[in-house]
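K.L.:
Fold the following, please.
(one chain, ligands or ions: 1)
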Amino acid sequence: MLGQMQSQPLLISSLITHAERHHASGEIVSRRVEGDIHRTTWGQVARRSRQVANALDSLHLAFGERVATLAWNGYRHLELYFGVSGTGRVLHTLNPRLHPEQLAWIVNHADDRAICFDMSFLPLVQAVAGKCPGVKHWIALCDADKLPADSGLLGLISYEAWMSGQSERYVWPDMDENSASSMCYTSGTTGNPKAALYSHRSTILHAYSGALPDSLNLSARDCVLPVVPMFHVNAWGIPYSAAAVGCKLVFPGPAMDGKSIYELLEGEKVTMAAGVPTVWQMLLGHMQANQLRFSSMTRTVIGGSACPPAMIHAFNNQYGVAVLHAWGMTEMSPLGTVCTLKNAQLDLAPEDRTKVLLKQGRAVYGVDMKIVDESGNELPWDGKAYGDLLVRGPWIIASYFKGEGGDPLRYDADGKGWFPTGDVATIDADGFMQITDRSKDVIKSGGEWISSIDVENIAMAHPAVAMAACVGMKHPKWDERPIVVVMKKPGTEVSRDELLAFYEGKIAKWQIPDDVVFVDAIPLGATGKMQKMTLRQQLKDYVLPGV
Ligand code: ADP
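P.N.:
Below you'll find the predicted structure:
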């Protein structure tokens with residue numbers, strides 16, 4: 001017997017329709033490429049996303065065709081989120097921090113038909129345009145009078161000229177909720193990049209789950225600033241969850257430095273922000289240097305790479321801002337776990353509670369996870385046993401776009417397909433997961449594993465260390481030994497021996513790195529994560545002491 005409830009497809013257009021009907025005056029504030037602050041509302045974004053829809057129809061792009069963006073976080077990007085996907089086309093958010101060669105490869109692989117770009121990316125667009133014959137439409141996200149006369153791009157049009165003359169009326173089409181809605185390429189640290197192709201259904205379910213109290217706890221009373229770029233896994237789904245709850249959104253545009261972010265956080269009374277640790281490092285540096293405080297922030301989501309304990313401590317204890325340590329990946333839309341406490345942890349002594357908050361957290365509803373050994377046997381949830389972390393759920397990838405890289409799923413004895421995350425983790429009895437390492441970053445010393453995250457976290461707790469990366473170096477006897485590569489905070493000093501002494505008593509003796517290498521900068525990838533592959537290349541002539 002079937003249930004007798006209405007069966008409406010879960011579509012992205014329903015999010016913007018809801019936001020317009022119930023939160024029309026809700027504010028959307030953006031710092032623009034031009035440097036000024038722009039103010040609009042959910043109602044206005046809804047009207048303009050329908051104009052975008054009409055403008056797309058006038059280009060005669062077919063259902064499912066890809067429309068790419070090369071843009072910072074801002075209101076026009078938000079309009080495209082709803083306008084493109086709402087019509088059944090696929091929004092492809094390109095990462096502007098990629099090398100032009102790699103970007104051209106991705107544009108061609110995705111068969112992008114149109115590219116909408118912020119004017120700050122014009123040189124990048126000019127560098128790739130000749131290599132991307134499939135792109136038929138170049139749309140600059142600016143007013144008509146800001147369009148350069150001699151861009152060299154065939155048919156270049158300004159976004160405002162393209163869409164603002166269109167009707168604000170548009171009937172969003174009904175479609176299968178499993179239709180593709182947006183896509184995002186992984187950074188391709190191994191081999192060519194691969195794309196996750198999200199669906200309307202996966203996006204809506206992810207938006208629901210992301211807003212839950214033990215996830216990001218979003219409501220209409222919130223003011224949210226995603227520093228995480230809209231080209232990095234859809235800003236972790238925040239634009240969609242925000243439309244569902246009708247919160248105020250603040251977009252930082254290209255200005256990601258500590259001072260600019262702080263100005264927006266305070267000026268707009270932001271209650272929650274989200275970003276990778278490197279961004280918060282800059283913010284905290286600015287605040288400490290200028291003795292600033294937060295007046296409205298209650299929490300901040302930190303994810304994308306492990307959040308150092310020193311950062312959690314600074315936010316929690318110095319600034320009274322709760323850190324929501326979150327873990328996920330492109331293939332997971334991206335939300336997997338968020339670290340929020342249960343009643344049982346509230347009674348813990350402060351130092352034990354901090355230990356829990358360091359973990360990547362509990363699975364959000366919709367994500368199932370397990371850890372397995374090399375033979376695929378499930379390992380216990382005791383907080384000690386570590387193994388490959390596998391996940392499954394309705395917003396987790398089933399296959400890559402164009403079948404790239406084979407079947408990403410691993411099937412267990414019951415025939416259930418699990419996605420191997422490539423992370424190594426423990427899970428404790430309360431369900432808190434902790435990433436030990438990425439499987440390719442784990443250091444194997446004398447048959448035992450050393451967590452590079454543990455080694456980095458200790459270095460980062462030293463007052464003179466701005467950033468630390470732990471990598472394994474070949475060793476004739478132990479196979480690999482860890483070293484720690486350190487970037488110092490400006491104006492501070494620490495010697496190799498002092499830093500190595502700092503490890504004493506904090507981890508087992510054999511896990512203490514063999515050496516410290518001081519560098520001016522640690523290479524960061526397109527999403528602000530440390531690039532260990534590049535770092536290993538830079539250290540190719542390095543020899544361990546005594547070897
Ligand atoms: P890429 O693989 O392209 O860097 P993702 O942004 O999808 O792209 O990265 C996912 C990976 O980032 C995870 O598999 C994990 O290794 C790492 N990661 C994400 N969040 C965290 C976190 N909170 N702690 C530790 N590692 C994290």
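
K.L.:
Tell me, please, where in the chain the pLDDT is lower than the cut-off.
P.N.:
187-191 (pLDDT under 70).

K.L.:
how does it divide up, domain by domain?
P.N.:
Per automatic domain parsing, the structural domains of the chain span 13-323, 443-538.

K.L.:
At the contact with the ligand, which residues of this protein appear?
P.N.:
Residues of the chain lying close to the ligand by CB under 6 Å from any ligand atom are 186-187, 303-306, 325-327, 329-330, 334, 360, 421-423, 435, 438, 527, 529. The way it works is simple: take the backbone N, C-alpha and C, and place the C-beta from them, glycine included.

K.L.:
which residues in the stretch 101-250 of the chain form helices?
P.N.:
Assigned by DSSP state H, counting those that start in this stretch, the helices in the stretch 101-250 of the chain fall at 122-129, 159-163, 200-211, 233-236, 238-245.

K.L.:
Relative to L59, which of those helices is closest?
P.N.:
Taking CB to CB, helix 159-163 is the member of the helices of the stretch 101-250 of the chain nearest to L59, at 8.8 Å.

K.L.:
Tell me how far the most centrally placed residue in the chain lies from T330.
P.N.:
Nearest to the geometric centre of the chain sits H232, at 4.7 Å (CA atoms, centre = their mean). Counting by CB to CB, to the nearest Å, the separation of H232 from T330 is 8 Å.

K.L.:
Give the residues shared as contacts by these two.
P.N.:
C184 (CB atoms under 8 Å, 6 or more residues apart in numbering).

K.L.:
Can you say which of the domains of the chain is packed in most?
P.N.:
A comparison of these by mean neighbour count, using mean count of other CB atoms under 10 Å, puts domain 13-323 on top with a mean of 20.

K.L.:
picking up where we left off before, and the helices of the stretch 101-250 of the chain as TSV, adding distance to D352?
P.N.:
As requested, those are arranged in TSV below (distance: least, CB to CB, whole Å):
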stretch	distance to D352
helix 122-129	48
helix 159-163	52
helix 200-211	28
helix 233-236	29
helix 238-245	31
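
K.L.:
closest to T93 out of those helices?
P.N.:
For the helices of the stretch 101-250 of the chain, proximity to T93 was assessed by CB to CB; helix 233-236 is nearest, at 6.8 Å.

K.L.:
residues making contact with that closest one?
P.N.:
Residues from elsewhere that reach helix 233-236, judged by CB under 8 Å, 6+ apart: 73, 81, 93, 182, 184, 198, 203, 210, 226, 228-229, 240, 274, 301, 303, 326, 328-330, 333-335.

K.L.:
In strands, which of the residues you listed fall?
P.N.:
93, 182, 184, 198, 226, 274, 301, 303, 326, 328, 335 (DSSP state E).

K.L.:
between those residues, which is closest to A140?
P.N.:
T93 (16.8 Å).

K.L.:
Could you find the closest non-adjacent residue to that closest one?
P.N.:
Sequence neighbours aside, F231 is the residue nearest to T93 in space, at 4.1 Å (criterion: CB to CB, 6 or more residues apart in numbering).

K.L.:
Help me confirm that H23 comes into contact with D222.
P.N.:
No: judged on CB atoms under 8 Å, H23 makes no contact with D222 at a distance of 11.6 Å.

K.L.:
Have a look at the protein and report its longest helix.
P.N.:
Longest helix of the chain, by residue count under DSSP state H: helix 42-58.
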